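Undergrad: test case, fold it:
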Amino acid sequence: MAQRSAGGGALLSRRRPARDGRWLARRGLAVATALTLGYAVTVVPGNRLLPAVGLGALGALALVAGRFVPRPHPGIGLAVLAAAIPLRSFAGGAIFGANVGLTEPAALLALFWLVAYRRPGALPLPRMLVAAGLFLGFAAISAAWAIDPSQSFKELAKWGQAAIALFAALDLARRPSDLKPVAVVAGLALAGEVLLATAQATLGLGPESFRVGGLTRAYGTFEQPNPFAGYLALQLPFAVAGALIWKGKWRWLAMVVAALAVLGIVLSLSRGAWLGGVVGMLVAGWLAAGMSRGLMKWAGLMVSVALALFLLARGSGIVPATAGTILSGERDLVELASNPGSADFAVTQRVAFWVAGARMVADRPLIGVGLGNFDEGYPDYNIGIWDESLGHAHNFYLNLAAETGLIGAGLFVVFLGGVILRGWRAGGRAPATRVVLIGATGSLVAFAAHSLVDSVFVGGLGLILGAAAGLILALSDRGVLVGRR
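TA: Below is the predicted model of the structure:
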């Protein structure tokens, strides 16, 4: 009887295989695909049909991947997500009142791929994720006192996508060679963006408001020059690290990608991206193994000389003429923002947003006005002629403090600073590991620098932030701490 029972149990186990996470992911995606397509056909207007159908198509593709390919590559989900960032605006629409682009379904696909097709093994969960979890939790709670809670949940969805990118990169980096498809797709997407942007700048293809002198600011597929330039600046350190560490054809390919990124950043005329790109590039060069400190000093000197010459030639168009009066105390920021001049209109507008953000922080220093509610709170804090906000405070940290208070902004800064510190101190034995670690560290530093004068958490760029953080958290434990070599 015991043998028969054991045999029956064995037969039962063959008939009912274990329902693990992959089984649940496939069945869940099948249901989501059916619901999405049904909703698209019956409810969504024609001009908004493409995002819903795109989500269903990606879901169906992922669902059948395991049927035709025995072991789908685990990096495909993150590679699709990387390709979706510059193409986000091509399939824009609104579903349930929320703006939806390609990055939303691509993030869901990356999440599905992480569960269904990942390589066996435990998912690493570094302690730094505690700070990230506390930040996201507090940001979600801030919707309780927000003027418009729906805006909080829309912003929280963007942070959720960044979290998906973080975990996908964290898991994929357990085997750095699995990152190759992501690197190839990201490099091709960047090259395509810069080629399009070069045509825009040289042929004058763009709105009249983008014309500066005889040049049209490059914007690629991002609709605005600043997000386009931020997209390039966040990826430039990866190419710089590859150009300094790799050998042979991969070094030349990395050099080409780096040169294209620099060209696009220059043509964008985005001062924030110039700052972030230069800082990220210098950090990547400094951390690259085999790069002597003396050579870095010469490189820094050359960059400084080039920047000085550029400021001498075009300085009047970059630094506002009223900056000196502010530094000397003759005029304060409120007076400047209330009375803009035609030569420094963009700068005074940004100053007005900074003042409004600072007033929000002063009024509600600990908890803010609620995640995603800078626009909603702006009318109570604006100054001068600037009655309408452009969506954020043009300083990411100030914007975060205005919306989530010093508590939320402090938690994010702790997480970002901690991850950068881990990447700065870590070094890898294998060239591929070193390139990824150094590139990701430079990318986060570029994000931190650019965020001082703008918000880079727009247009899907938060996905790059999440992926870079995930790569550092995964690979810093695999490498060798610099101080322990």
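Undergrad: contacts only, for Glu403.
TA: Under the criterion of Cβ atoms under 8 Å, 6 or more residues apart in numbering, the contact partners of Glu403 comprise 142, 155, 360, 368-374. For glycine as for every other residue, the C-beta is placed from the backbone atoms N, C-alpha and C.
Undergrad: for it, which non-adjacent residue is closest in space?
TA: Taking Cβ to Cβ, 6 or more residues apart in numbering, and ignoring the residues beside it in sequence, Glu403 has Gly368 as its nearest neighbour in space, at 4.7 Å.
Undergrad: burial check on the one you found, number of neighbours?
TA: As a burial measure, the neighbour count of Gly368 was computed by other Cβ atoms under 10 Å and equals 29.
Undergrad: circling back to that earlier point, what two of the contacts of Glu403 have the greatest distance between them?
TA: Spatially, the most separated pair among the contacts of Glu403 is Glu155 and Met360, at 15.3 Å (Cβ to Cβ).
Undergrad: just confirm the residue nearest to Glu403 contacts Thr404, I think it does.
TA: Yes: here Gly368 reaches Thr404: they are 4.7 Å apart, a contact under Cβ atoms under 8 Å.
Undergrad: quickly list what's touching both of those two.
TA: Counting by Cβ under 8 Å, 6+ apart, the shared contacts of Gly368 and Thr404 are Ser142.
Undergrad: output the lowest mean pLDDT helix or strand found in the protein.
TA: For the chain, the helix or strand with the lowest mean confidence is strand 480-481, at a mean of 38 (criterion: mean pLDDT, DSSP states H and E).
Undergrad: and what about Lys154, helix, strand or coil?
TA: The three-state label for Lys154, taken from DSSP: H, G, I helix; E, B strand; the rest coil, comes out as helix.
Undergrad: roughly how far apart are it and Gly372?
TA: When distances are taken as Cβ to Cβ, to the nearest Å, Lys154 and Gly372 turn out to be 6 Å apart.
Undergrad: of these two, who's got more company?
TA: Shown here are Lys154 and Gly372; by other Cβ under 10 Å, Gly372 has more neighbours (29 against 15).
Undergrad: against Ser150, how distant is that one?
TA: 9 Å.
Undergrad: likewise Ala469?
TA: The spacing between Ala469 and Ser150, counted by Cβ to Cβ, is 27 Å.
Undergrad: more crowded one of the two?
TA: In this comparison of Ala469 against Ser150, neighbours counted by other Cβ under 10 Å, the higher total goes to Ala469 at 31 against 14.
Undergrad: where does the prediction get shaky in the stretch 301-450 of the chain?
TA: By pLDDT under 70, the low-scoring segments of the stretch 301-450 of the chain are 301-345, 384, 427-429.
Undergrad: just the stretch 1-150 of the chain next, same as before
TA: Under the criterion of pLDDT under 70, the regions of the stretch 1-150 of the chain flagged as low confidence span 1-70, 91-100.
Undergrad: for Gly216, grab phi and psi.
TA: Quick fix: residue 216 is Thr, not Gly. Backbone dihedrals for Thr216, given as degrees, to the nearest 10, come out at phi -90, psi 130.
Undergrad: what of Asn382?
TA: Phi and psi for Asn382, reported as degrees, to the nearest 10, are phi -70, psi 170.
Undergrad: pull out the buried positions in stretch 166-184.
TA: Along stretch 166-184, the positions that meet the burial threshold by neighbour count (16 or more other Cβ atoms under 10 Å) are 166-174, 176, 178-179, 181-183.
Undergrad: to clarify, my last question referred to stretch 382-389.
TA: Of the residues in stretch 382-389, those buried by neighbour count under the rule 16+ other Cβ under 10 Å are 382-384, 386, 389.
Undergrad: tell me where the stretch 101-250 of the chain has strands.
TA: Listed in chain order, the strands found in the stretch 101-250 of the chain under DSSP state E, counting those that start in this stretch are 211-212, 215-216.
Undergrad: deepest in the core, which of the ones you listed is it.
TA: Using mean count of other Cβ atoms under 10 Å, the stretch among these with the largest mean neighbour count is strand 215-216, at a mean of 18.
Undergrad: for that one, which strands pair with it and how are they oriented?
TA: According to DSSP bridges, strand 215-216 has the following sheet partners: strand 211-212 (antiparallel).
Undergrad: would you map the helices across the stretch 101-250 of the chain?
TA: 103-116, 129-141, 149-172, 180-203, 225-245, 249-268 (DSSP state H, counting those that start in this stretch).
Undergrad: now do the fifth one: which elements does it pack against?
TA: Right, helix 225-245. If contacts are counted by 3 or more Cβ pairs under 8 Å, 6 or more residues apart in numbering; DSSP states H and E, helix 225-245 sits against helix 180-203, helix 249-268, helix 271-287, helix 431-450, helix 462-475.
Undergrad: would you turn those into TSV with distance to Gly137?
TA: Listed next are these as TSV, based on distance: least, Cβ to Cβ, whole Å:
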stretch	distance to Gly137
helix 180-203	29
helix 249-268	35
helix 271-287	28
helix 431-450	22
helix 462-475	17
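Undergrad: so which of the ones you listed comes closest to Met128?
TA: Met128 lies closest, by Cβ to Cβ, to one member of these: helix 462-475, at 6.1 Å.
Undergrad: now for Ala122, how many residues are close by?
TA: Ala122 sits with 7 neighbouring residues when counted by other Cβ under 10 Å.
Undergrad: so which of the helices and strands packed on helix 225-245 gets nearest Ala162?
TA: When the helices and strands packed on helix 225-245 are compared by Cβ to Cβ, helix 462-475 sits nearest Ala162, at 3.5 Å.
Undergrad: packing partners of the closest one?
TA: Applying 3+ Cβ pairs under 8 Å, 6+ apart, one finds that helix 462-475 makes contact with helix 76-84, helix 149-172, helix 225-245, helix 396-425, helix 431-450.
Undergrad: got the ones you listed as TSV, with distance to Ser209 columns?
TA: Below are those laid out as TSV (distance: least, Cβ to Cβ, whole Å):
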stretch	distance to Ser209
helix 76-84	27
helix 149-172	26
helix 225-245	10
helix 396-425	23
helix 431-450	22
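Undergrad: deepest-packed of those, please.
TA: When you average the neighbours per residue for each of the helices and strands packed on helix 462-475 (mean count of other Cβ under 10 Å), helix 225-245 leads with a mean of 28.
Undergrad: what is the mean pLDDT for that one?
TA: Here helix 225-245 scores 95 as its mean pLDDT.
Undergrad: any idea of the angle it forms with helix 462-475?
TA: Our comparison of helix 225-245 with helix 462-475, counting by axes from the mean of the first three to the mean of the last three Cα atoms, to 10 degrees, yields an angle of 30 degrees.
Undergrad: my guess is His450 contacts Val458, does it?
TA: No: between His450 and Val458 there is no contact, the gap being 11.3 Å when judged by Cβ under 8 Å.
Undergrad: quick one: common contacting residues for the two?
TA: Gly230.
Undergrad: just to revisit the earlier point, identify whichever of the helices of the stretch 101-250 of the chain lies nearest to Val80.
TA: helix 103-116 (5.2 Å).
Undergrad: same for that closest one, what does it pack against?
TA: The contact analysis (3+ Cβ pairs under 8 Å, 6+ apart) places helix 103-116 against helix 21-42, helix 49-68, helix 76-84, helix 149-172.
Undergrad: would you mind getting the angle between it and helix 76-84?
TA: Direction vectors for helix 103-116 and helix 76-84, defined by the same axes, to 10 degrees, enclose an angle of 170 degrees.
Undergrad: what's the pLDDT at Gly294?
TA: With respect to pLDDT, Gly294 scores 57.
Undergrad: is the closest residue to Ile85 other than its chain neighbours in a helix, a strand, or coil?
TA: For Ile85, ignoring the flanking residues on the chain, the nearest one in space by Cβ to Cβ, 6+ apart is Gly460 at 4.3 Å. Each residue gets one of three states, and Gly460 gets coil by three-state DSSP.
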